[in-house]
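A.B. asks: Please work out how this folds:
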Amino acid sequence: MRFLKYPLFVSFLILAACNNATKTVSVNADTIVQTDPQQATAINSVYLSEEPWINQDGQKTRLKDLTGKVQVVAMIFTSCGYACPKMVENMRAIELALPAPLLKKVHFTLVTFDTDNDTAAALKLYARQKHLDSNWTLLHGTEDQVRMLSMLLDVQYSKLPLGGFNHSNQMTILNQQGEIIKKIQGLDIDPQRSLQVINSILNKK
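C.D. replies: From the prediction side, this is the model:
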């Protein structure tokens with residue numbers, strides 16, 4: 001299935017210009033955005049696509065394979081000089097703050113914008129450099145897959161002419177079925193606020 005018929009995003013609310021030659025421009029406030037209930041009903045789950053992705057181990061995997069755990073998700077690219085490493089650092093802070101019983105129920109997923117350069121080997125190296133263990137999944141997909149997922153997560157991005165990407169600084173927390181529960185925007189976040197969201201999902205009857 002091709003998604004090229006969908007229009008590209010042309011407006012950016014929270015942007016990070018991330019390449020070696022460009023400084024990041026971003027809004028750093030920790031902003032938690034409540035998902036619109038009507039939108040959540042329409043989207044239902046971001047795991048609906050059956051198209052395979054490639055993870056950092058070079059294995060084919062589908063988004064639905066993430067079902068069963070709360071997911072903390074961000075879209076990045078490995079050559080990003082500032083915003084992406086900061087988002088990964090924020091996710092690591094959340095991971096380290098989770099009590100052991102809860103950590104078993106939470107997973108962390110990174111999806112690369114860079115379909116040309118972020119191969120499985122590049123993602124594996126990035127995971128090693130950032131000390132990301134088996135509780136992390138790093139995904140490489142086609143341009144169409146990345147564009148569609150970004151639309152579902154409401155992450156806005158565009159490729160820069162000289163390399164790198166402008167993109168939203170956003171983490172998204174999904175419930176066990178892949179439904180969007182919270183969008184956390186900004187680079188200077190409070191991990192405790194994310195823990196509250198995760199606790200509310202896990203304690204929901």
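A.B. asks: In three-state terms, label the residue nearest to the spatial centre of the chain for me.
C.D. replies: In the chain, the residue lying closest to the centroid (C-alpha atoms, centre = their mean) is residue 74, at 1.6 Å. Following DSSP: H, G, I helix; E, B strand; the rest coil, the label given to residue 74 is strand.
A.B. asks: With residue 132 instead?
C.D. replies: Strictly by three-state DSSP, residue 132 counts as coil.
A.B. asks: Report the buried residues of stretch 56-71.
C.D. replies: Burial within stretch 56-71, assessed by neighbour count using 16 or more other C-beta atoms under 10 Å, is assigned to 56, 63, 66, 69, 70, 71. Every residue, glycine included, has its C-beta placed from N, CA and C.
A.B. asks: on that earlier part again, what pairs with the residue nearest to the centre of the chain across the strands?
C.D. replies: residue 110, residue 171 (DSSP bridges).
A.B. asks: How about the secondary structure of residue 78?
C.D. replies: When classified by three-state DSSP, residue 78 comes out as coil.
A.B. asks: if I read this right, residue 127 contacts residue 136, doesn't it?
C.D. replies: Yes - in this structure residue 127 lies within contact range of residue 136 using C-beta atoms under 8 Å: 6.2 Å.
A.B. asks: starting at the chain centroid, how far to stretch 113-123?
C.D. replies: Offset of stretch 113-123 from its chain centre (C-alpha atoms, centre = their mean, to the nearest Å): 15 Å.
A.B. asks: Now the terminal residues of it, how far apart.
C.D. replies: Start-to-end span of stretch 113-123 (C-alpha to C-alpha, to the nearest Å) is 12 Å.
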